[in-house]
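Student: 3D, please:
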Amino acid sequence: MNKNDKKSHRKFNIIDAVIGIIIVLAFVFALNRLGIIGVKNIVENEQSKIEIIFFQEEVNDFTAENVKIGDPASEPLLNASFGTVADKSVGPSISYGKDKYGNQTTSTKEGYSSIYITLTANGKVGDNGITIDGSTYYIGQVINLRVGSSIFYGRIDAANQL
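Tutor: Have a look, this model is predicted:
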């Protein structure tokens, strides 16, 4: 028996098992990233339509005017889909400041508006917040919101199950 025969009859060892596990985990990770499997798909089955009202106190007029009914909306940090714009309401901007006596006051700023954006999305409004795309959000939470080709920095003002 020579050395070459021993190499061709190699036994399965712990290193082979670790390599096999790493390959399986990489395959599962790739399927999850492609959206084929994952928690997000399971959560979506339990969701229905919700209405979310988003508010920003001060935004450039041209940004507020750029929002159109039907525009897609998403939250970029967790890449959650906030559905589409169902309605928008633009009003005077709300700027906070202090007067000469130190009292807090509000005023408007030329070229700026406040905006309420009503969104319709798939999700669930529950006792522990609003679940959208597997992520939980809360009334009063400040988020970045992409709407069409614009981005906003404001808060979730209300949410209702439809």
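
Student: can you tell me the helix or strand for residue 117?
Tutor: strand 112-126 (DSSP states H and E).

Student: mind giving me the packing neighbours of that strand?
Tutor: strand 48-60, helix 61-66, strand 72-75, strand 80-92, strand 129-132, strand 150-161 (3 or more C-beta pairs under 8 Å, 6 or more residues apart in numbering; DSSP states H and E). Every C-beta, even on glycine, is put in place using the N, C-alpha and C of the backbone.

Student: what pairs with that strand, parallel or antiparallel?
Tutor: As defined by DSSP bridges, the strand partners of strand 112-126 come to strand 48-60 (antiparallel), strand 80-92 (antiparallel), strand 129-132 (antiparallel).

Student: off-centre distance for the last one?
Tutor: Right, strand 129-132. Centroid displacement of strand 129-132 relative to its chain, using C-alpha atoms, centre = their mean, to the nearest Å, is 10 Å.

Student: which residues touch the next helix or strand after that strand?
Tutor: For strand 129-132, the succeeding helix or strand toward the C-terminus, using DSSP H and E, is strand 135-137. Contact with strand 135-137 is made by 75, 78, 80, 128, 129, 130, 131, 143, 156, as judged by C-beta atoms under 8 Å, 6 or more residues apart in numbering.
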